[in-house]
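Peer 1: Requesting a structural model of the entry that follows:
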Amino acid sequence: MQIATQDGDTKALKCLKAVVGFTLGAYTLGRIPLGATVERVDVGVRTVFNGSGATIDVGYSGTVGAFMANASITEATAGIYTVMPNVALTADKTVIATVGGTVGTTGDATVLLWYSV
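Peer 2: All right, here's what the predicted structure looks like:
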């Protein structure tokens with residue numbers, strides 16, 4: 001897929017995906033290269049998370065909410081949550097979605113991170 005830039009050129013748009021569950025921890029989406037720009041992040045909560053204070057952040061090790069902070073997602077409500085961070089990377093990054101809070105028994109979400117190179 002291609003996206004248009006302000007100067008009329010185009011850039012390749014790529015997507016990383018992971019499905020996260022109610023188990024606490026980091027889920028790896030993949031690696032994005034130096035010079036890439038994170039254009040959009042979508043988190044689709046399909047099954048609500050019933051753990052107390054459930055959280056999902058999308059970022060990388062050391063800055064787990066770099067691309068999408070938990071405040072942008074309501075884990076206890078099914079739906080699609082979207083941010084457009086427009087973050088240019090100054091180094092290669094392995095993208096993770098981190099599930100936190102108290103362990104529950106339900107919860108399922110799909111995380112998509114769109115970036116251009």
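Peer 1: Student question: in this protein, what's the helix or strand with minimum average pLDDT?
Peer 2: Across the helices and strands of the chain, the lowest-confidence element by mean pLDDT, DSSP states H and E is strand 2-4, at a mean of 62.
Peer 1: Past that strand, which element shows up next along the chain?
Peer 2: Using DSSP states H and E, the next helix or strand after strand 2-4 towards the C-terminus is strand 10-21.
Peer 1: List the buried residues of that following strand.
Peer 2: 11, 14, 16, 18, 20 (16 or more other CB atoms under 10 Å). Quick note: C-beta positions are derived from backbone N, CA and C, even for glycine.
Peer 1: and the least confident of the residues you listed?
Peer 2: For these, the weakest pLDDT value sits at K11, with 80.
Peer 1: For V117, see how far away that residue is.
Peer 2: To V117, K11 is 6 Å away according to CB to CB, to the nearest Å.
Peer 1: next one: G100
Peer 2: From G100 to V117 the distance is 30 Å (CB to CB).
Peer 1: okay, these two: which has more neighbours?
Peer 2: G100 (16 against 13; other CB atoms under 10 Å).
Peer 1: Could you list the buried residues of the helix or strand hosting G44?
Peer 2: Here G44 sits within strand 37-47, counting by DSSP H and E. Using 16+ other CB under 10 Å as the test for burial, strand 37-47 gives 37-43, 45.
Peer 1: Return the closest of these with respect to V58.
Peer 2: V41 (5.3 Å; CB to CB).
Peer 1: circling back: okay, now the sheet partners of the strand holding G44, with direction.
Peer 2: strand 79-83 (antiparallel), strand 87-88 (antiparallel), strand 108-116 (antiparallel) (DSSP bridges).
Peer 1: how about T102, secondary structure?
Peer 2: Classification of T102 using DSSP: H, G, I helix; E, B strand; the rest coil returns coil.
Peer 1: Who are the contact partners of I96?
Peer 2: 26-29, 58-61, 64 (CB atoms under 8 Å, 6 or more residues apart in numbering).
Peer 1: now this structure, which segments are flagged as low pLDDT?
Peer 2: Low-confidence segments of the chain, defined by pLDDT under 70: 1-8.
Peer 1: Sweet, I'm off.
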